[in-house]
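# below are the sequence and a predicted model for it; my questions follow.
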Amino acid sequence: QVQLVESGGGLVQAGGSLRLSCAASGRTFSSYAMGWFRQAPGKDREFVAFITWSGEATYYADSVKGRFTISRDNAKNTAYLQMNSLKPEDTAVYYCAAEGSLRGIRLRVEEYDYWGQGTQVTVSS
């Protein structure tokens, strides 16, 4: 079992920045690739960013490429999502998720094993 807890969400003006954190406990954090997803009201949960267990490779949705950065610190059992140049359309609940197959990039919700409870990000125009 892996327990994930997100933090760092909040209200920010368009153009601003936030850094989300995802603290993991339970099984060895470095055994899992990590993903960030988001879900806006009335919409499906969508992929945002992915990072391999080692942190050597990352992948982003086109909508956030160049603005968001995913990272991890295995010594601290924490993954991060740095969000810059935020737009109102980035408003959503953001979730981190862990995936243990270590078989490459994972983009789909159903491919992940564990999920956090989510943190709200609201970007005002």
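Sure thing, it's come through. Since the structure is predicted, the reported quantities are computational estimates derived from the model, not experimental observations. Residues are numbered from 1 along each chain as shown.
# how about stretch 111-119: buried residues?
111, 112, 114, 115, 116, 118, 119 (16 or more other C-beta atoms under 10 Å). Every residue, glycine included, has its C-beta placed from N, CA and C.
# repeat for stretch 5-14
Buried-residue list, stretch 5-14, by 16+ other C-beta under 10 Å: 6, 8, 9, 12.
# could you say which helix or strand holds the residue nearest the centre of the chain?
By C-alpha atoms, centre = their mean, the chain has its centre lying nearest to residue 36, at 2.2 Å. Residue 36 is part of strand 33-39, with elements assigned from DSSP states H and E.
# list the contacts of that strand.
20, 22, 45-53, 70, 72, 79, 81, 90, 92-100, 102, 106-107, 109, 112, 118, 121 (C-beta atoms under 8 Å, 6 or more residues apart in numbering).
# list the contacts for residue 100?
31, 32, 33, 113.
# for the chain, what spans make up the helices?
Counting by DSSP state H, the chain has no helices to list.
# strands of that one, start to end?
Here the chain has its strands, by DSSP state E, at 2-7, 10-13, 18-26, 33-39, 46-51, 58-60, 68-73, 78-83, 92-99, 114-115, 119-124.
# with mean pLDDT as added columns, please give the ones you listed in a markdown table.
Below are the strands of the chain laid out as a markdown table (pLDDT from 0 to 100):
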| stretch | mean pLDDT |
| --- | --- |
| strand 2-7 | 96 |
| strand 10-13 | 98 |
| strand 18-26 | 95 |
| strand 33-39 | 98 |
| strand 46-51 | 98 |
| strand 58-60 | 98 |
| strand 68-73 | 98 |
| strand 78-83 | 98 |
| strand 92-99 | 97 |
| strand 114-115 | 97 |
| strand 119-124 | 98 |
